[in-house]
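K.L.:
can't give you the sequence, but here's the structure:
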């Protein structure tokens, strides 16, 4: 790593809480000697988990006690009003106060977005944060946003998502001009709802490497680096792909278990099947970034396990090492400057956004 990186962990977030968040973060901590973890949440629960894992006192492991927890199905607006001492809010405050370089949470997506937007503020020219993560493809990875932060958004927001996605891929992976596509119901220009058509017009006028529309069955082809859509469509697409991966895994397991011949074939094929399972496992690419904020916020799937949460922490560490918010801001300011006179901004954030 080279320099100390401090990550605030929302220890109480997710469907399981400290049993996953503490153990997952520690798996990364053990292999990164410069990583400092601040576990935020109920101190008794956190220290009980640390003791269960036989983790001795260490100056690179800290605990910040909080008295509240944001429920996974809790209204973001309610949490905003009444949960200032929640593990989610305090972890974000640590990033704002430069006590931590990033936050990782498996908690309520809507509350995470609203708290982050209110506390950390947005990069200039960007109205709303968007959730972006990588998706496995035939030729590597593609990045997709928004995946649930904004259930409904305008063509201006879609344009901003495209700028942010392109900037992140360029900075994190060194791709000079990432290809960008809009997710649509067809590849023809006449297809799609009005906001998607208007977003396409904005993208054609921009300096981005916009290549047109992409359909759902092409997301995993590897033909583009960045796929852009609103949060409702993106979240449905993400959850559908995770479901299909589990379905295929079940089909393969059942097929090899039906007879002694199948079991023998499975034994012989084990190395290949193991690689295939890893490629299809959603835990392997768990960890989505709320891009557009003046701080690093990584969202883990609420139902993930230790392996999945560990991968989300790795995403946060990588983004800290690349100083992504500053690098993305530099590119966004340049990309958006010429469009300011044409693009209407909307600094109101609907606090009833997509849930966990």
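P.N.:
Looks like it came in fine. The structure presented is a predicted model; accordingly, all values stated were derived computationally and were not measured.

K.L.:
what segments of the chain are strands?
P.N.:
Counting by DSSP state E, residue ranges of the strands within the chain are 5-10, 35-41, 61-65, 102-105, 130-137, 140-145, 179-183, 209-214, 226-228, 288-291, 296-299.

K.L.:
could you measure from residue 329 over to residue 11?
P.N.:
The span separating residue 329 from residue 11 equals 29 Å under the rule C-beta to C-beta, to the nearest Å. Every C-beta, even on glycine, is put in place using the N, C-alpha and C of the backbone.

K.L.:
likewise residue 314?
P.N.:
Going from residue 314 to residue 11 by C-beta to C-beta gives 17 Å.

K.L.:
residue 289 too?
P.N.:
Counting by C-beta to C-beta, the gap between residue 289 and residue 11 amounts to 20 Å.

K.L.:
count of neighbours near residue 268?
P.N.:
10 (other C-beta atoms under 10 Å).

K.L.:
likewise residue 197?
P.N.:
Taking other C-beta under 10 Å as the definition, residue 197 ends up with a neighbour count of 16.

K.L.:
dump the residue contacts of it.
P.N.:
residue 189 (C-beta atoms under 8 Å, 6 or more residues apart in numbering).

K.L.:
from residue 292, how far off is it?
P.N.:
Between residue 197 and residue 292 the distance is 23 Å, computed by C-beta to C-beta.

K.L.:
what of residue 45?
P.N.:
From residue 45 over to residue 292 (counting by C-beta to C-beta), the distance is 32 Å.

K.L.:
compare neighbour counts for the two and give me the winner.
P.N.:
Neighbours were tallied for residue 45 and for residue 292 using other C-beta under 10 Å; the higher tally belongs to residue 292 (32 against 17).

K.L.:
need phi/psi at that one.
P.N.:
Main-chain dihedrals, residue 292, degrees, to the nearest 10: phi 110, psi -10.

K.L.:
likewise for the one 3 residues further on?
P.N.:
With angles defined as degrees, to the nearest 10, residue 295 sits at phi 170, psi 160.

K.L.:
tell me the confidence at it?
P.N.:
Here the pLDDT value assigned to residue 295 is 94.

K.L.:
pLDDT weak spots in the chain?
P.N.:
Screening the chain residue by residue with the criterion pLDDT under 70, one finds the ranges 1-2, 261-267, 269-282, 336-356.

K.L.:
please enumerate the helices of the stretch 101-250 of the chain.
P.N.:
Counting by DSSP state H, counting those that start in this stretch, one finds helices in the stretch 101-250 of the chain at the ranges 109-120, 155-173, 194-205, 231-257.

K.L.:
that older thread, residue 329 and residue 11: who's more crowded?
P.N.:
Set side by side, residue 329 and residue 11 show unequal neighbour counts under other C-beta under 10 Å, the larger going to residue 11 at 33 against 19.

K.L.:
do I have it right that that one meets residue 46?
P.N.:
Yes. At 5.2 Å, residue 11 and residue 46 qualify as touching, with contact defined as C-beta atoms under 8 Å.

K.L.:
count the residues that sit near residue 57.
P.N.:
When neighbours are defined as other C-beta under 10 Å, residue 57 has 6 of them.

K.L.:
use 42 as the first number from now on
P.N.:
All set: I'll call the first residue 42, so the last point we hit is now residue 98.

K.L.:
quick one, phi psi at it?
P.N.:
When quoted as degrees, to the nearest 10, the phi and psi of residue 98 stand at phi -60, psi 140.

K.L.:
from residue 104, how far out is it?
P.N.:
In this structure, residue 98 lies at 11 Å from residue 104, with C-beta to C-beta as the measure.

K.L.:
and what of residue 77?
P.N.:
For residue 77, the distance to residue 104 equals 12 Å [C-beta to C-beta].

K.L.:
how long is stretch 165-177 from one end to the other?
P.N.:
31 Å (C-alpha to C-alpha, to the nearest Å).

K.L.:
what of stretch 167-181?
P.N.:
From its first residue to its last, stretch 167-181 covers 29 Å (C-alpha to C-alpha).

K.L.:
what's the closest of the strands of the chain to residue 301?
P.N.:
Proximity to residue 301 (C-beta to C-beta) singles out strand 171-178 among the strands of the chain, at 32.8 Å.

K.L.:
tell me how far that closest one lies from the chain's centre.
P.N.:
Here strand 171-178 shows a centroid-to-chain-centroid distance of 7 Å under the convention C-alpha atoms, centre = their mean, to the nearest Å.

K.L.:
report all helices and strands that it contacts.
P.N.:
Based on contacts counted as 3 or more C-beta pairs under 8 Å, 6 or more residues apart in numbering; DSSP states H and E, the elements that strand 171-178 packs against are strand 181-186, helix 196-214, helix 272-298, strand 329-332.

K.L.:
so what strands line up beside that strand?
P.N.:
Under the criterion DSSP bridges, strand 171-178 sits next to strand 181-186 (antiparallel), strand 329-332 (antiparallel) in its sheet.

K.L.:
so what touches the shortest one?
P.N.:
The reference is to strand 329-332. With C-beta under 8 Å, 6+ apart as the contact definition, strand 329-332 has outside contacts at 153-154, 157, 170-174, 186, 188, 190, 205-206, 209, 337-341, 353, 356, 360, 365, 369.
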